[in-house]
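[1] Provide a 3D model corresponding to the input given below.
(2 chains)
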Amino acid sequence: MTDLVFPPGLILILAGLLLPLLSGGMRKMLVLLAPLLTLLAVWSLPDGVALSVNYLGMELEPVKADALSRMFGTVFAIMAFGGGLYALNQEKVQELAAALVYAGSAVGVVFAGDLITVFVFWEVMAIASTVIVWSGGASARNAGLRYAVIHFFGGVLLMAGIAGEIHASGSVQFNAMQTDSPERWLILVGFIINTGAPPLQAWLPDAYPKASFSGTVFLSAFTTKTAVYTLIRGFPGAEVLIWIGLFMAFYGLIYAINDNDTRRKLAYSIINQVGFMVCAIGIGNEMALNGAAAHAFVHILYKALLLMSAGSVLYVTGKSKFTDLGGLFRTMPRTAICCIIGAISISAFPFTSGFPAKSLISQGAADAHLELVWLLITAASAGVLFVGIKLPWYIFFQKDSGQRPPEPPWNMRYAMYLMAAFCIGFGVFPGTLYAMLPVATDYQPYTPDHVIFQLQLLMFSVLSFFLALPMIKRTLTISLDVDWFWRRAGKLFAEEFEVQWLRAYAAVGSRSYRAAVRFLEGLYRTHGPEGALARTRPSGYMALWMTILLSVFLLLSFL
Amino acid sequence: MTDKREPDHWLARPETIRKLWAALIAFLVLLLAAQLAFPNHGHFGLDNTFGFAAWFGFIACVLLVVGAKALAIFLKRPDTYYDD
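    Residues are numbered from 1 along each chain as shown, chains lettered A, B, ... in the order given. The predicted structure is shown next:
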């Protein structure tokens, strides 16, 4: 079986490379077909190593499958299909091509059995996603560059860590590790940079909203969730992740509350959601790890749905600021309903996909007897509702902005219906979600007391939202984030450096100039036209000296 | 509301909004009452007290908004701040 296996990630990558050569219907067909073929390949892979190659004396395993990689591979393929359908009317072929390569390399990471393969696909992801950011147009150029710099920096740390790990352990296998050596810390840091963890988290809300209406949908799915996968595989139970995750959960909430851009608000919400997953990985028991995987799975689907609805509004109105929107439910009821389904799913309402997933994480914290962590997760869950409701409220309701835009084109609508169906489907039939989990579980989320608990938590948060409305009026503002350090402080530093450099240059320059001038003046004094060595002497002077010399010679010869 | 020629969408009329508020409050009361019938089987003790999720969720949201507003005092800038 080692001979005939085709790596599932390569299907999407090859399709992406082929895409610019096709046109019209063929191109659209390939965009939809490649993810379906990938899904088939993912499901037909047997457990264990399906492909191994010897490279430079290292035993690489480019394709290795188990329940965890199959779960992530499945949702990545679904996402590539839904995103592709949504983006069918995207005219920039480089964005679609990059999106397929990006999705394919994400699938490549989750089926990688060794660290070298992880790294290769990791870097392909960074390149492809940068191309997607750049497809957002001229305003995305600088953000894309900042995005690329941070991801390549993360890649360098990861490469250094992997090289050290291979040297120390003699094995290229990608297995669970302890955080017990500098090289493993480097690998961990390389991974968590891609989750949007502090202190570099601002790459995410900086770059994602700059992509096109469809580009952000792709971006939201793969980078952060691939990082979650690598953490589940590589560092389950690393305690530091609990606190990093909780920080991300609250940080994402607070910035999402303050933000005025529909898609930047959703980008902050990604950090919040990934925070739950990172925290669960830190808790590290089977329940919590299942929860992290399940949450990543459902999050990809409802976050895509939310970004599709925000992207649709951007597509038909050209606007993405809450202050410019409002009242759109009158002419966009279908988009509004899809957006609301996304919002209640992210809030983990019972009978939506967020509920069975997030319940596993809470249960994991409770099983580990981490009361403070459990309380903080519960508080953040209430906050997610508060932030989640914000998107449909400010776009489709609040004031009437007077705009009456139409619904988006059919392909965008159907992509939203598909994602909405998954959000409801996995909520109503949690067994379908749980069947894919890395560790089999008989957890039952729908007990009356649990549903009542969750509804109390969420509905009182709804109450707080509508009571707090006067406090959270939208304004034409942004909130400074850590990217200030490289967009503003770095710039100020560079400018100051330039000023100081010019001053130093001037000081050193003028001193050497003066020294050179003094030297030249000295030369001039002795060798110049008036210098002692260059004076023109009158010929009489010469005759006099000759006479004296000859006289002396004469005198001496007589003596 | 502002358009005099045709009445606004039924969902935006003040009487609908009043009804929605009434429904929300009725539902909240119902949820609290339901806990009497199905007591919570929580994990720590604190979460089993009556109405824990209700007040905890509410206060968490209030604190988050207050925290966000407080942070905004220092971090808020016009959205033309970065001119790129």
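[2] near chain A at all, the lowest-mean-pLDDT helix or strand in chain B?
    Within chain B, judged by mean pLDDT, DSSP states H and E, the helix or strand with the poorest mean is strand B:76-78; its value is a mean of 90. Yes: contact between strand B:76-78 and chain A is present through B:76-78 (criterion: Cβ under 8 Å from any Cβ of the partner chain). Where C-beta positions appear, they are placed from N, C-alpha and C, glycine not excepted.
[3] Burial check on the residue of the stretch 101-250 of chain A found nearest chain B, number of neighbours?
    Across the stretch 101-250 of chain A, no residue is closer to chain B than residue A:142, which sits at 4.6 Å (Cβ to the nearest Cβ). Other residues lying near residue A:142 total 15 when counted by other Cβ atoms under 10 Å in any protein chain shown.
[4] ditto for residue A:44
    Counted with other Cβ under 10 Å, the burial measure for residue A:44 works out to 11 neighbours.
[5] mind checking pLDDT for it?
    Residue-level confidence at residue A:44 comes out at 91, pLDDT.
[6] likewise residue A:541?
    In the prediction, the pLDDT value recorded for residue A:541 is 82.
[7] Next: residue A:403.
    Looking at residue A:403 specifically, the model assigns a pLDDT of 91.
[8] returning to that earlier point: next, format the residues of strand B:76-78 next to chain A as JSON lines and append neighbour count.
    What follows is the residues of strand B:76-78 next to chain A, written out as JSON lines (neighbours: other Cβ atoms under 10 Å in any protein chain shown):
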{"residue": "B:76", "neighbour count": "16"}
{"residue": "B:77", "neighbour count": "14"}
{"residue": "B:78", "neighbour count": "9"}
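[9] Pick the one among those closest to chain A.
    Closest to chain A out of those is residue B:76 (4.9 Å), distances taken as Cβ to the nearest Cβ.
[10] my guess is that closest one meets residue A:258, correct?
    Yes: when contacts are counted by Cβ atoms under 8 Å, residue B:76 is listed as touching residue A:258 (7.4 Å).
[11] picking up where we left off before, ok so the residue of the stretch 101-250 of chain A closest to chain B is a helix residue?
    Yes: secondary structure of residue A:142, determined by DSSP: H, G, I helix; E, B strand; the rest coil: located in a helix.
[12] Now the residue nearest the centre of chain A. Nearest residue, chain neighbours left out?
    Central residue check for chain A by Cα atoms, centre = their mean: the C-alpha nearest the mean position is that of residue A:204, 4.9 Å away. Spatial nearest neighbour of residue A:204, chain neighbours left out: residue A:196 (4.4 Å); criterion: Cβ to Cβ, 6 or more residues apart in numbering or on different chains.
[13] Using the three-state scheme, assign the one you found.
    Assigned by three-state DSSP, the conformation of residue A:196 is coil.
[14] Including distance to residue A:227, could the residues of strand B:76-78 next to chain A go into CSV?
    CSV is the format used below for the residues of strand B:76-78 next to chain A (distance: Cβ to Cβ, whole Å):
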residue, distance to residue A:227
B:76, 30
B:77, 30
B:78, 33
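[15] For the residue of the stretch 151-300 of chain A found nearest chain B, which three-state class applies?
    Proximity to chain B, evaluated over the stretch 151-300 of chain A using Cβ to the nearest Cβ, is greatest for residue A:257 at 4.1 Å. Residue A:257 carries the three-state label helix when classified by three-state DSSP.
[16] which residues does it contact?
    The neighbours of residue A:257, taking Cβ atoms under 8 Å, 6 or more residues apart in numbering or on different chains as the test, are A:386-387, A:390, A:472, B:64-65, B:68.
[17] which of those has the most neighbours?
    Top of these by neighbour number is residue A:387, holding 29 neighbours under the definition other Cβ under 10 Å.
[18] Quick one: name whatever helix or strand follows the helix or strand harbouring that residue.
    With secondary structure defined by DSSP states H and E, residue A:387 is part of helix A:371-396. Secondary structure here is assigned by DSSP H and E; on that basis, the next helix or strand after helix A:371-396 toward the C-terminus is helix A:410-428.
[19] For that following helix, list every residue counted as buried.
    A:411-413, A:415-420, A:422-423, A:426-427 (16 or more other Cβ atoms under 10 Å in any protein chain shown).
[20] Could you list every helix and strand that it packs against?
    Contacts of helix A:410-428 with other secondary structure elements, assessed using 3 or more Cβ pairs under 8 Å, 6 or more residues apart in numbering or on different chains; DSSP states H and E, are made with helix A:67-86, helix A:286-317, helix A:333-346, helix A:354-367, helix A:430-434.
[21] Which residues does the last one contact?
    Going back to what we said before, that points to helix A:430-434. Contacts to helix A:430-434, defined as Cβ under 8 Å, 6+ apart, come from residues A:290, A:294, A:297-298, A:353, A:355-357, A:425-426, A:441, A:443, A:445-446.
[22] now these as CSV including pLDDT?
    Listed next are the contacts of helix A:430-434 as CSV, based on pLDDT from 0 to 100:
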residue, pLDDT
A:290, 97
A:294, 97
A:297, 97
A:298, 97
A:353, 96
A:355, 97
A:356, 96
A:357, 96
A:425, 97
A:426, 97
A:441, 92
A:443, 93
A:445, 94
A:446, 95
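[23] Can you tell me which of those is closest to chain B?
    Of all these, the one with the least separation from chain B (Cβ to the nearest Cβ) is residue A:446, at 12.2 Å.
[24] Could you check how many residues crowd around residue A:54?
    8.
[25] and residue 21, what pLDDT?
    Answering for chain A, as no chain was given. We have a pLDDT of 94 for residue A:21.
[26] actually chain B
    94.
[27] Also the one 3 residues further on?
    Among the per-residue scores, residue B:24 holds a pLDDT of 95.
[28] Next: residue A:532.
    The predicted local confidence for residue A:532 comes out at a pLDDT of 72.
[29] Setting aside sequence neighbours, what's the nearest residue to it?
    Nearest residue to residue A:532 in three dimensions, chain neighbours excluded: residue A:526, at 5.9 Å (Cβ to Cβ, 6+ apart).
[30] Backbone torsions only: list them for that neighbour.
    phi -90, psi -40 (degrees, to the nearest 10).
[31] That one - how many residues pack around it?
    When neighbours are counted by other Cβ under 10 Å, residue A:526 registers 11.
[32] State whether it and residue A:535 are indeed in contact, as I suppose.
    No: in this structure, residue A:526 sits apart from residue A:535 without contact. The criterion is Cβ under 8 Å, and the distance is 10.4 Å.
[33] pLDDT weak spots in the chain?
    Unless you meant another one, I'm taking chain A. Low-confidence regions of chain A, defined here as pLDDT under 70, cover residues A:1-4.
[34] oops, I was thinking of chain B
    Of all residues in chain B, those with pLDDT under 70 make up the ranges B:1-7, B:84.
[35] what's the domain layout of it?
    Per automatic domain parsing, the domain ranges recorded for chain B read B:8-39, B:42-78.
[36] Okay, buried residues for the first one please.
    Buried residues in domain B:8-39, counted by 16+ other Cβ under 10 Å: B:12, B:28, B:31-32, B:35.
[37] Distance to chain A and secondary structure added to those, as a markdown table?
    What follows is the buried residues of domain B:8-39, written out as a markdown table (distance: Cβ to the nearest Cβ, whole Å; DSSP: H, G, I helix; E, B strand; the rest coil):
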| residue | distance to chain A | secondary structure |
| --- | --- | --- |
| B:12 | 7 | helix |
| B:28 | 6 | helix |
| B:31 | 5 | helix |
| B:32 | 7 | helix |
| B:35 | 6 | helix |
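[38] Of those residues, just say which sits nearest to residue A:63.
    Using Cβ to Cβ, residue B:31 is the member of those that lies nearest residue A:63, at 49.2 Å.
[39] is it true that that closest one touches residue B:54?
    Yes: under the criterion of Cβ under 8 Å, residue B:31 makes contact with residue B:54 at 7.2 Å.
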